[in-house]
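Student: Give me coordinates for this.
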Amino acid sequence: MVNFEKVYQRVAFQVIQRCHGAIKITKHGKIIEVYDTKRHIWSDGLAGLILKEECRNADLKDWEFANVRTYVIKELLGKTDNQ
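Tutor: As a prediction, this is how the structure comes out:
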């Protein structure tokens, strides 16, 4: 049996690494902009696309994308709180 939390967390770390942590979020946990190193652009609509690509690469279902997004936001908010 696969521990889904670990899978979601691993994919969330892949998203963060792909953007080199350059993800702007609000204090309420909404993703505003991301920097995609593959496309070399900042975009406000790109966050969902990057999440979808990384989730599909990990063979996750569409309904699991929201779980991964939650882990990305938790990780980034945790990093900003520690600084």
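Student: Tell me the spacing between R69 and I16.
Tutor: Relative to I16, R69 is positioned 12 Å away (C-beta to C-beta, to the nearest Å). Heads up, the C-betas are built off the backbone N, CA and C, glycines and all.
Student: With I73 instead?
Tutor: 10 Å.
Student: likewise R10?
Tutor: Per C-beta to C-beta, R10 is found 11 Å from I16.
Student: between those two, which one's more packed in?
Tutor: Neighbours were counted for R10 and for I16 using other C-beta atoms under 10 Å; I16 has more, 19 against 13.
Student: Now whichever strand or helix holds the more buried one: buried residues?
Tutor: In the assignment (DSSP states H and E), I16 maps to helix 4-18. Residues V7, Y8, Q9, V11, A12, Q14, V15, I16, R18 are the ones in helix 4-18 that count as buried (16 or more other C-beta atoms under 10 Å).
Student: got JSON lines for these, with pLDDT too?
Tutor: Shown next, in JSON lines, are these (pLDDT from 0 to 100):
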{"residue": "V7", "pLDDT": "88"}
{"residue": "Y8", "pLDDT": "89"}
{"residue": "Q9", "pLDDT": "89"}
{"residue": "V11", "pLDDT": "88"}
{"residue": "A12", "pLDDT": "85"}
{"residue": "Q14", "pLDDT": "85"}
{"residue": "V15", "pLDDT": "81"}
{"residue": "I16", "pLDDT": "79"}
{"residue": "R18", "pLDDT": "76"}
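Student: mean confidence score for the top helix by length along the chain?
Tutor: Identified as the longest helix of the chain according to DSSP state H is helix 65-82. For helix 65-82, the mean pLDDT works out to 74.
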